[in-house]
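Q: Pasting the sequence and the predicted coordinates here, then a few questions.
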Amino acid sequence: MLVDSRPVVSAPVWATDGGACTGVCTCKRLKAVLCSLESLATALKHIPCTNSTRIGAMRLSVPTQQSTCPSTSTCKHAARPSRQRCVSARAAGREVTLLDYGAGNVRSVRNAIKKLGYSIKDVEKPSDIAAADKLIFPGVGTFGQAMDVLKSRGYIQPLVDHIQSGKPFFGICLGLQLLFEGSTESGGHEGLGIIKGRVSAFDPARGLPVPHIGWNTLDQLKSSDLLAAIAPQDRVYFVHTYRAMPSEANADWVLATSHYGEDFVAAVCNGNAMATQFHPEKSGTAGLEILRGFLEPDSAEAQAAANAANSRQLAFVGGAPGTDVRGLARRVIACLDVRSNDNGDLVVTKGDQYDVREKEGDRDVRNLGKPVDLAARYFAEGADEVAFLNITGFRDCPLEDLPMLQVLQNASERVFVPLTVGGGIRGFSAQGKDYPALQVASEYFRSGADKVSIGSDAVEAAEAYYAAGCKTTGTTAIEQISRVYGKQAVVVSIDPRRVYVKDPSETRHTCIKASEPGPQEEQWCWWQCTVKGGREGRDIDAIELAKAVEAMGAGEIMLNCIDKDGKGQVGQL
């Protein structure tokens, strides 16, 4: 059959190849693509590109579908809000109370708070909320599950009382959504009812990938300390399927909106109560300054950041016509292949068609550096995300992979952008006990991961999905994890290789015209999915797999190219 030119999945896709730039516009602009990641990261945010490249040990990836900047009638950068504060009363204490109900990764929030010089007191009982001065609530997971936990622990009324008392409160992501009256997620649930309106999902019929994942700009509707360091062209990191909508009923709360096919609530502020839909702890330096705007708006550092934002604002407004770079950006994702070398040390390596050993000598594992150091370097140079792919994880007991867990913990102290981990994310049995995939993923989330990448297990789940007549079971790793943490927490890594055929009629799989002929001068090929690090092929193609995992709840797809890995050539992705 011929490949359909229409998108087959709505989930965002990371497309990676062997090292050559496949974005036509990028090739024209980035002649020194290997020279500096920092300059590349800046450039990719300002020019159109629809594919990816790989530099050294890292892949540079962008979504295959993009949102566009809202029309000029809705862009509000011409008139920047003043730097007045939402409120003037802020406690001077250096302790923050953190409401962590154990649903996911809040390690990065902890590290961001500590980096700003604050100590943390964890909420362990309802009275801790009542006694809190500054309270931060980094909501993670699904709406209904979060409300159930808050209710079971007796936290709901103390939380409402704290917010209504006027004491400082800052909610993050789900911590914003729970302030509203309810959500349609998981069949519908009631919220805290502090802000008018209900939360609902983005509409995929608008033609954009769902979830909304990536770096987007903000339209500030009023002045605030919270966003004082953010200029109109600055971006923050979003990852969510559900959103609240601005309305007349909640206009007194809405501080900023963002645009993804429609305007949605990106930040709220009313008195000392503030919250963001985006993740400041994953938004790099800009995100740290937003947290500072909540914790210490009168500090010299906060004022310096606000002045710098004003300077960027002036330069932005004075830019040439047609240079508006607002909207969802192309992402630079550093994908680091990690494995143990022959001495037992975790190193970042690079393969040649997934062969990571040197061609000559003792055939040692290629060692490109230590995972945490390279991740910190790429973050400093402008990477928007970092993915650690444990390429031997399928061989190990995941919960005993202590070095990889330590890598995540250490990286989250130095890298304030999203972290993805892959390799061995699956259910397993050991010493007569079963460990579900959800338990494995939870351990990685607690160690600092924001997303988990599933590879071989996804292929097996897709095979079972089609064997059952395209029916889900609710028991796969993808379904278990997305049900608790949301589909935005699940990435599926697809490792396909070309299988040549003389004519599409020879196979049931989706065929495309080959970019180069096969060994017998074949002109067509289909892309066979593999497992176990590309060592074993399966009778399922990449498009079939993508459709199946989206139905199960995957939020993103990482599409690799075995044939071009390490070749410095364009893959036909």
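A: Good, I have the coordinates. Numbering: from 1, shown residues only.
Q: Can you get me a residue count around the nearest residue to residue 278 once chain neighbours are set aside?
A: Leaving aside its sequence neighbours, residue 278 sits nearest to residue 236 (CB to CB, 6 or more residues apart in numbering; 4.2 Å). To be clear about C-beta, it is placed using only N, CA and C from the backbone, and glycine gets the same treatment. Residues within reach of residue 236, counting by other CB atoms under 10 Å, total 25.
Q: next helix or strand past the one helix or strand residue 236 maps to?
A: Taking DSSP states H and E as the criterion, residue 236 maps to strand 235-240. Downstream of strand 235-240, the first helix or strand assigned by DSSP H and E is strand 242-243.
Q: List the neighbouring strands of that following strand plus their orientation.
A: Take DSSP bridges as the rule and strand 242-243 pairs in its sheet with strand 195-201 (antiparallel).
Q: so the helix or strand following the partner strand versus strand 235-240, what angle?
A: The helix or strand immediately downstream of strand 195-201 is strand 212-217, counting by DSSP H and E. Between strand 212-217 and strand 235-240, the angle comes out at 160 degrees (axes from the mean of the first three to the mean of the last three CA atoms, to 10 degrees).
Q: Give the rounded mean pLDDT of strand 212-217.
A: Strand 212-217 comes out with an average pLDDT of 94.
Q: May I have the strands that pair with that strand, each with its orientation?
A: strand 235-240 (antiparallel).
Q: what about the partner strand, average pLDDT?
A: Summarised as a single mean, pLDDT over strand 235-240 is 95.
Q: For it, which outside residues touch it?
A: The contact list for strand 235-240 (CB atoms under 8 Å, 6 or more residues apart in numbering) reads 45, 173, 211-218, 230, 258, 260, 266, 276-280, 282-284, 286-287, 290, 329, 384, 417-418, 450, 486, 488.
Q: In helices only, show me those residues.
A: 284, 286, 287, 290 (DSSP state H).
Q: From residue 178, how far off is the residue nearest to the third one when sequence neighbours are not counted?
A: Looking back up the chat, that one is residue 287. Distances taken as CB to CB, 6+ apart place residue 280 nearest to residue 287, at 3.6 Å, with adjacent residues excluded. According to CB to CB, to the nearest Å, residue 280 and residue 178 sit 17 Å apart.
Q: Could you do residue 264 as well?
A: Applying CB to CB to residue 264 and residue 178 gives a distance of 16 Å.
Q: Name the single longest helix found in this protein.
A: Max-length helix for the chain by DSSP H is helix 300-317.
Q: After it, which helix or strand is next?
A: Per DSSP H and E, helix 300-317 leads on to strand 333-340 as the next helix or strand towards the C-terminus.
Q: which of residue 264 and residue 178 has more neighbours?
A: residue 178 (27 against 22).
Q: Model confidence for the more buried one, exactly?
A: If you check residue 178, the pLDDT there is 97.
Q: Give me the distance between it and residue 239.
A: Separation of residue 178 from residue 239 (CB to CB) stands at 17 Å.
Q: And for residue 518?
A: For residue 518, the distance to residue 239 - CB to CB - is 40 Å.
Q: quick one, which of the two is more surrounded?
A: The neighbour comparison of residue 518 against residue 239 (other CB under 10 Å) goes to residue 239, with 22 against 15.
Q: Find the nearest non-adjacent residue to residue 102, please.
A: For residue 102, ignoring the flanking residues on the chain, the nearest one in space by CB to CB, 6+ apart is residue 149 at 7.7 Å.
Q: Am I right that the one you found sits in a helix?
A: Yes - judged by DSSP: H, G, I helix; E, B strand; the rest coil, residue 149 forms part of a helix.
Q: Would you enumerate the residues in contact with residue 454?
A: 422, 425, 426, 477, 478, 490, 491, 492, 493, 554.
Q: Which residue is the nearest non-sequential neighbour of the fourth one?
A: With CB to CB, 6+ apart as the measure, residue 437 is the residue that lies nearest to residue 477, at 3.4 Å, once sequence neighbours are left out.
Q: how many neighbours does that neighbour have?
A: For residue 437, the neighbour count with other CB under 10 Å is 24.
Q: can you offset everything so residue one is 4?
A: Got it, the first residue is 4 from now on, which makes the last one we talked about residue 440.
Q: between the contacts of residue 457, which is closest to residue 139?
A: Of all the contacts of residue 457, residue 139 sits closest to residue 493, with 25.7 Å by CB to CB.
Q: quick one: residue 185 and residue 199 touch, right?
A: No - Residue 185 lies out of contact with residue 199 (CB atoms under 8 Å); the separation is 10.8 Å.
Q: Compare the two (neighbour count), which wins?
A: When residue 185 is set against residue 199 and neighbours are counted by other CB under 10 Å, the residue ahead is residue 185, at 20 against 15.
Q: in the sheet, who's paired with the more buried one?
A: Per DSSP bridges, the residues bridged to residue 185 are residue 193, residue 201.
Q: pLDDT score for residue 432?
A: With respect to pLDDT, residue 432 scores 74.
Q: which one is residue 555 nearest to, not counting chain neighbours?
A: Once flanking residues are discounted, residue 555 sits nearest to residue 481: 4.2 Å by CB to CB, 6+ apart.
Q: Show residues contacting the helix or strand harbouring the one you found.
A: Using DSSP H and E, residue 481 sits in helix 480-488. By CB under 8 Å, 6+ apart, the residues outside helix 480-488 that reach it are 106-107, 143-145, 148, 428-430, 439-441, 444, 448, 455, 457, 460-461, 464, 475-477, 492-493, 495, 552, 555-558.
Q: sorry, back to before: ok, of the ones in helices among the contacts of strand 238-243, which one's closest to residue 501?
A: Comparing the ones in helices among the contacts of strand 238-243 against residue 501 with CB to CB places residue 287 closest, at 37.7 Å.
Q: my guess is that closest one contacts residue 383, does it?
A: No - applying CB under 8 Å, one finds residue 287 not in contact with residue 383, separated by 9.8 Å.
Q: Give me the more crowded residue out of these two.
A: Shown here are residue 287 and residue 383; by other CB under 10 Å, residue 287 has more neighbours (22 against 14).
Q: distance of the more buried one from residue 351?
A: Distance from residue 287 to residue 351, counting by CB to CB: 21 Å.
Q: ditto for residue 151
A: Computed with CB to CB, the distance linking residue 151 and residue 351 is 40 Å.
Q: So between the two, which is more surrounded?
A: Shown here are residue 151 and residue 351; by other CB under 10 Å, residue 351 has more neighbours (24 against 14).
Q: Bridge partners for that one, pull those for me.
A: Beta bridges link residue 351 to residue 341, judged by DSSP bridges.
Q: if we can go back for a sec, neighbours of the residue nearest to residue 555, how many?
A: A count of neighbours around residue 481, defined by other CB under 10 Å, yields 29.
Q: Per-residue pLDDT of it, please?
A: The score at residue 481 is 96. That number is its pLDDT.
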